[in-house]
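Novice: whatever this is, show me its structure:
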Amino acid sequence: MKEFLLNGSELTLKTEWSSLAPAGKPERYPHFEVVEVPAVHNADIIYPRRYAGLKLADKRVYSFVKRSLDIILSTIALIALLPLFLIVTIAISIEDGGSPFFVQDRTGHDGKTFKMYKFRTMIKNAPQMHEQLLSQNEMDGPAFKMTNDPRVTRLGKILRKHGIDELPQLVNIIKGDMSIVGPRPLPVYEQDKCDDYQNQRLMVKPGLVCYWQSSPRKNVMPFDEWMELDLRYITERSLMTDLKVIISTVTSGVLENNS
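Specialist: Sure thing, here's the model as predicted:
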């Protein structure tokens, strides 16, 4: 624990190893987290922007293989999961009589907008209540996260806990809107608030799973750190990296509360 002076007032910080760091040498990438700050002052954690001017490496073979695997694996998964899809669809319809699917505009590759599919986990008028809940947002930056969102239904909590609500995105992957692994697509109104540096995440297709999503800290992770992880993935992307992300996501069970 360390204490610093900020404009004459005490600011208490603690040092942790950042999730941005390579697993082998975390001590070389410490970050500071605000533990206590006087009420009369506001403090922001500033993360180093390591990926300014990011350029995509030419990986044509990787891109071809990845796209092929996206289509093959997603098609197999979709067929195998059809009985589950049917059960979930009926259960959501019975719960409140609304549509079992939620479709939302998301920002994808190169900034193109697409319709992303999910099983509906919230009440029917959830979008209309969004503005009323912004003051209770638990995330910094443009993203919205709320641990106990009152809009989530009883069935929705179960679907979110096990990541079942995200399974319809297999259709997005087959269509080419998304990939199995890649930065999570943000709603258009959230992505529009990102700056040019953060928009570099749009250089690749968004994914069902990613570095951020495989982190146990994702629900408390600062937005800037999340964006750094997305850009780090772009620089490290490979079939081995994708496999590691998938395994990490599945084994840690962090599909819960996906965005």
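Novice: residue 91 and residue 153 touch, don't they?
Specialist: No. In this structure residue 91 lies outside contact range of residue 153 using Cβ atoms under 8 Å: 10.3 Å. (Each C-beta comes from the backbone N, C-alpha and C, glycine too.)
Novice: neighbour count: these two, which is higher?
Specialist: Set residue 91 next to residue 153 and count neighbours by other Cβ atoms under 10 Å: residue 153 wins out with 19 against 14.
Novice: my guess is the more buried one contacts residue 95, does it?
Specialist: Yes. Assessed by Cβ under 8 Å, residue 153 is found in contact with residue 95 at 6.1 Å.
Novice: would you map the helices across the chain?
Specialist: 60-80, 82-96, 126-133, 154-161, 169-175, 188-191, 223-236, 239-252 (DSSP state H).
Novice: got the end-to-end distance for stretch 162-182?
Specialist: From its first residue to its last, stretch 162-182 covers 20 Å (Cα to Cα, to the nearest Å).
Novice: do stretch 103-115 as well
Specialist: Start-to-end, stretch 103-115 (Cα to Cα) is 6 Å.
Novice: centre of the chain to that stretch, how far?
Specialist: 14 Å (Cα atoms, centre = their mean, to the nearest Å).
Novice: for that stretch, which outside residues touch it?
Specialist: For stretch 103-115, contacts defined as Cβ atoms under 8 Å, 6 or more residues apart in numbering pick out 116-118, 172, 177-178, 185-188, 191-192, 199, 202-206.
Novice: now a ChimeraX select for only the buried ones of the residues you listed.
Specialist: The ChimeraX command for the buried members of the contacts of stretch 103-115 (criterion: 16 or more other Cβ atoms under 10 Å) is given here:
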select :116,117,118,172,177,178,185,186,187,191,202,203,204,205,206
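Novice: what about the stretch 151-259 of the chain, any weak spots by pLDDT?
Specialist: The model of the stretch 151-259 of the chain has pLDDT under 70 over residues 253-259.
Novice: if you set the cut-off to 90 instead, what comes out?
Specialist: Under the criterion pLDDT under 90, the flagged ranges of the stretch 151-259 of the chain are 161-163, 213-221, 248-259.
Novice: so who does residue 247 touch?
Specialist: If you count contacts by Cβ under 8 Å, 6+ apart, residue 247 has none.
Novice: state the distance from it to residue 214.
Specialist: Distance check for residue 247 against residue 214: by Cβ to Cβ, to the nearest Å, it reads 9 Å.
Novice: number of nearby residues for the closest residue to residue 227 other than its chain neighbours?
Specialist: Nearest residue to residue 227, sequence neighbours excluded (Cβ to Cβ, 6 or more residues apart in numbering): residue 198, at 4.7 Å. A count of neighbours around residue 198, defined by other Cβ under 10 Å, yields 21.
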